[in-house]
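Trainee: Build me a model from this:
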Amino acid sequence: MKAPQKSISDSKLRHTRLVFYKDDIDLIDKVLAEFLRLSGSKCALLIDKEGHLVTRQGEVKTINMDTISALVAGSFAATKEMAKLLGEDQFSCLFHQGERDNIQLSLVGDRTLLTILFDDRTTVGMVRLYANETCKKLAQLFDAAATRVPGKDDAALDEGYGDQSKDALDKFFS
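Mentor: Next up, the predicted model:
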């Protein structure tokens, strides 16, 4: 006999998982677009630490988003372990330099990574300067989203949502 599943409230879901609504993504996209304009970077991706793409702005024609997202998260996780070996909690910024293209990864809050792709149209200094400010703005947006009380217009889960869904699936598959 299976144990009954507990329903998860909207506020608990927001605390344990990254949950962004359309309005949140629209604000994040504006911040990323402004970053690209100021820094001269090619592309900005926001990726959660589990390797899922949250949103992106800029040139991304030939890049597989699922692959780059997973690799960025893996790279950051590996570097976090290196930091621990050196007595650091983690490194908040990583930089990879190539012949033509470069990538900077910046930790935003404690659950997302701002991934910046840039080339010789800009400098590392410009990217870092504007990335620091962008990370602060994004962290403020995330804090506001996490503490927002769902209003009547928000898509909050009803108390009985889990039970109703389970009943609907049981009816469908029986």
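Trainee: residue boundaries of the helices in the protein?
Mentor: Counting by DSSP state H, the chain forms helices over residues 10-16, 22-39, 65-85, 124-147, 161-173, given from the N-terminal end onward.
Trainee: orientation of the longest one relative to helix 22-39 in degrees?
Mentor: Angle between the axes of helix 124-147 and helix 22-39 is 170 degrees (criterion: axes from the mean of the first three to the mean of the last three C-alpha atoms, to 10 degrees).
Trainee: how far out from the middle of the chain is stretch 59-77?
Mentor: For stretch 59-77, the gap between its own C-alpha mean and the chain's C-alpha mean amounts to 12 Å (C-alpha atoms, centre = their mean, to the nearest Å).
Trainee: brain fart, stretch 116-125
Mentor: A distance of 21 Å separates the centroid of the chain from that of stretch 116-125, by C-alpha atoms, centre = their mean.
Trainee: And the pLDDT at the closest residue to Arg100 other than its chain neighbours?
Mentor: Leaving aside its chain neighbours, Arg100 sits nearest to Asp119 (5.7 Å; criterion: C-beta to C-beta, 6 or more residues apart in numbering). Glycine gets a C-beta too; all of them are placed from N, C-alpha and C. In the predicted model, Asp119 carries a pLDDT score of 94.
Trainee: In the chain, where is pLDDT below threshold?
Mentor: Low-confidence regions of the chain, defined by pLDDT under 70, span residues 1-18, 149-161, 172, 174.
Trainee: if we can go back for a sec, where's the residue nearest to Arg100 relative to Ser41, distance?
Mentor: For Asp119, the distance to Ser41 (C-beta to C-beta, to the nearest Å) stands at 9 Å.
Trainee: These two: which is more packed in?
Mentor: Each of Asp119 and Ser41 had its neighbours counted (other C-beta atoms under 10 Å), and the higher figure belongs to Ser41 (25 against 14).
Trainee: How about the contacts made by the more buried one?
Mentor: Listed by C-beta atoms under 8 Å, 6 or more residues apart in numbering, the contact set of Ser41 reads 35, 58, 116-118, 122, 127.
Trainee: Most neighbours among those, which one?
Mentor: Highest neighbour count within the contacts of Ser41: Ile116, with 27 neighbours (other C-beta under 10 Å).
Trainee: That one and Val127 touch, don't they?
Mentor: Yes. In this structure, Ile116 sits in contact with Val127. The criterion is C-beta atoms under 8 Å, and the distance is 5.8 Å.
Trainee: ok, and the closest non-adjacent residue to Leu36?
Mentor: Of all residues beyond its chain neighbours, the one nearest Leu36 is Gly58 (5.1 Å), with distances taken as C-beta to C-beta, 6+ apart.
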